[in-house]
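A.B. asks: My questions are about this predicted structure, shown below with the sequence.
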Amino acid sequence: MSLGIKLYPKIRSSNEFKNASAYGLPLHKYRPKHPACKDFKLIVDDVIALIKEK
């Protein structure tokens, strides 16, 4: 039985998340070329698709 819950790959751990947070910025604004920024792409794409559906 499937619950219909989509699973995403894990987001890598990095101290840069804490550093960005200390400046009040998301990682993609604080360090746009950081590899962890790419980890969010699938999630962001799905959120955008949901917003467009409404």
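C.D. replies: In hand now; what should we look at? Residues are numbered from 1 along each chain as shown.
A.B. asks: give me the low-pLDDT residue ranges for this structure?
C.D. replies: In the prediction, the chain carries residues with pLDDT under 70 at positions 1.
A.B. asks: residue ranges of the helices in the chain, please?
C.D. replies: With DSSP state H, the ranges of helices along the chain come out as 16-22, 27-30, 41-53.
A.B. asks: Could you export these as a markdown table, including distance to residue 8?
C.D. replies: C-betas here are computed from N, CA, C, even on glycine. Compiled in a markdown table, the helices of the chain are given as follows (distance: least, C-beta to C-beta, whole Å):
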| stretch | distance to residue 8 |
| --- | --- |
| helix 16-22 | 17 |
| helix 27-30 | 16 |
| helix 41-53 | 6 |
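A.B. asks: I'd like to know which of those lies nearest to residue 7.
C.D. replies: Across these, the minimum distance to residue 7, taken as C-beta to C-beta, is reached by helix 41-53, at 10.2 Å.
A.B. asks: quick one, what contacts the residue lying closest to residue 10 once chain neighbours are set aside?
C.D. replies: In this structure, residue 10 finds its nearest non-sequential neighbour in residue 39, 7.7 Å apart by C-beta to C-beta, 6 or more residues apart in numbering. Applying C-beta atoms under 8 Å, 6 or more residues apart in numbering, we find residue 39 in contact with 9, 10, 11, 12.
A.B. asks: coming back round to it: tell me the most buried of the helices of the chain?
C.D. replies: A comparison of the helices of the chain by mean neighbour count, using mean count of other C-beta atoms under 10 Å, puts helix 27-30 on top with a mean of 16.
A.B. asks: what about stretch 34-46, distance to the chain center?
C.D. replies: On the basis of C-alpha atoms, centre = their mean, to the nearest Å, stretch 34-46 sits 4 Å off its chain's mean C-alpha point.
A.B. asks: Over to stretch 11-28?
C.D. replies: The gap between where stretch 11-28 is centred and where its chain is centred comes out at 11 Å by C-alpha atoms, centre = their mean.
A.B. asks: Run through who's touching it.
C.D. replies: Applying C-beta under 8 Å, 6+ apart, the external contacts of stretch 11-28 come out as 29, 30, 31, 34, 35, 36, 37, 39, 40.
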